[in-house]
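Undergrad: here is a sequence together with a model predicted from it:
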Amino acid sequence: INSSRASDLEYVFVNPKTVFTRSFLDYHGMLQFRGHISVHAINFAQKEVMWKDDNEHARWQLEYSIAQLDLNVLQVSDIMMWCDFSDKDTENRCMSICLEKPLADDFVQEYHKWFQFNVITAKEAKSMYEIVIDGHEKVSSRCSTATPAHGGRPRKDGTVKKRTNGWFLAVHPESGLIVGVQEMIHPENNDLAVGMLQDAAELLPALDCIIYDRMCCALQAVRKSDMLQDVKYFCVDKFHAHGHGTNCPCSPLVHKKLDKRLRDVNTSVAEQTFASFRNYARTFNAMSPQTSFFYVLLYVQKHNELIRKNSVSHLSPFGSGMLAEASSLHGDASSVLEVGSSMR
C-alpha cells in the first residue's frame, strides 16, 4: 500500500531489496518522453556502462517499469485528478492506491473521464474555432479480448495483428494543443469520428469548423448529431483534398467558401502531431493495454504543458514542431501555418 503523497515522495520501493530515487525516475522518465527512448535502451545503457556482471540486476527492466508507473500514478492522482479535494480526502485516496496494481479499480477509466474535461482550460476553449481530427495505427495496444478487424490489405502470410487499431486525436491547429484522445479498438469509422466531435463540441463553445481527411464519408453521420448543428464548415484537409473529385462537398479546392475559411489554418496539424507521437510506439506497444492507455493520456498532457510553454523540441522538426517554433519566433502564427500547409 502507498505510504506517501507524490509531493513528499523521495524514494520508490519496488520490493524490500530494490529502491529507486525520485530524481532517478524523473530523469529517465523525461528521457523517455522527450527523447522517445524505450526502457530497453535505458536497460542496455545501464548494463553496458554501469554494471560489471552480465547477470547483475536481471530484473532491472521490470522493476524500473513498476517504479516509474507507481510514481506517475501518484503524480496524476495527487497533483491532477484529486487536487480539488480536501487535503485529508486527497491523502486518503492516495494512501489507498495499491502499488502492486496501481491501475486497478478502473483507475484508467477514471483518469480518462477526468482528462476529457480538463485537457484544456476554459479560457483556451473559448478561443478555439476549429479542430483537426485524425487516426493513426502505429501506436496500438495488445488485444486483451477478441482480435478486432483491421483495415487495409491483409498480410501475405494470412496472420492477423492481435492489436487494436491505434489512436484517434483532435488537435487545435493554431495552438497545437491536443483537445481529445480516443483509442480505436476497431478500424477508423464514422461512429468514432462523431463521438470524438461530440466530446470536442461539449468542450469548445465557439467551434464552427471541423477538418477531417474522411469528412466526405462521415459528413452525413456528422450532420445528424444534434450537438454539431452549430458547426458551419465541414472540410477535408488541404493535402488530401487533391485526391478528391470536383463533386466533393468538403474540398477547399472546389468550394471558395471553404478555401477562404481555411486560408490561415494548418489543416495537417493532426498528422504532424502523429509524426512525433508514433515515435513512442517502441515503448507503448510493449505495454499491457491498461498501462499503454494510461501513458498515452499522460504523454498528451505533457505535450500540452510544453506547448503552453512554447517548448516544442519534443516534436518533429519537419512537422508541427517546425511550424510552432516559426510562429513563436515571428509572432504571426497564421501566416506561418499557411506557408507550411501550402508547402505540403
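TA: Yep, it's here.

Undergrad: from here on, just use CA atoms for contacts and neighbour counts.
TA: Will do.

Undergrad: what is the burial count for residue 298?
TA: Look at residue 298: counted by other CA atoms under 10 Å, it has 18 neighbours.

Undergrad: again, but for residue 189
TA: 13.

Undergrad: one more: residue 263?
TA: Neighbour tally, residue 263, other CA under 10 Å: 18.

Undergrad: check residue 85 too.
TA: Count around residue 85 with other CA under 10 Å applied: 12.

Undergrad: can you say which helix or strand has the closest residue to residue 61 other than its chain neighbours in it?
TA: Leaving aside its chain neighbours, residue 61 sits nearest to residue 43 (6.1 Å; criterion: CA to CA, 6 or more residues apart in numbering). If you go by DSSP states H and E, residue 43 is part of helix 39-49.

Undergrad: can you list contacts of that helix?
TA: 28, 32, 54, 60, 61, 65, 283 (CA atoms under 8 Å, 6 or more residues apart in numbering).

Undergrad: pLDDT wise, what is the fifth one at?
TA: Here the pLDDT value assigned to residue 61 is 82.

Undergrad: sec struct for it, please.
TA: helix (DSSP: H, G, I helix; E, B strand; the rest coil).

Undergrad: number of nearby residues for it?
TA: With other CA under 10 Å as criterion, residue 61 counts 15.

Undergrad: for it, which residues are in contact?
TA: Neighbours of residue 61 in contact, by CA under 8 Å, 6+ apart: 39, 40, 43.

Undergrad: domain parsing for this protein?
TA: Domain assignment of the chain by automatic domain parsing yields the ranges 6-102, 119-150+162-343.

Undergrad: could you say which helix or strand holds the spatially most central residue of the chain?
TA: Geometric centre of the chain, nearest residue: residue 300, 4.0 Å, by CA atoms, centre = their mean. For residue 300, the host element (DSSP H and E) is helix 289-308.

Undergrad: quick one: low-confidence ranges for the stretch 201-344 of the chain?
TA: 314, 316-344 (pLDDT under 70).

Undergrad: residue ranges of the strands in it, please?
TA: 209-212, 233-235 (DSSP state E, counting those that start in this stretch).

Undergrad: for residue 23, which of those is the nearest?
TA: strand 209-212 (41.8 Å; CA to CA).

Undergrad: residue ranges with poor pLDDT in the stretch 1-150 of the chain?
TA: 1-3, 54-56, 58, 144.

Undergrad: change it to 50
TA: For the stretch 1-150 of the chain, no stretch has pLDDT under 50.

Undergrad: quick one: the strands in it, in order.
TA: 11-15, 18-21, 130-136.
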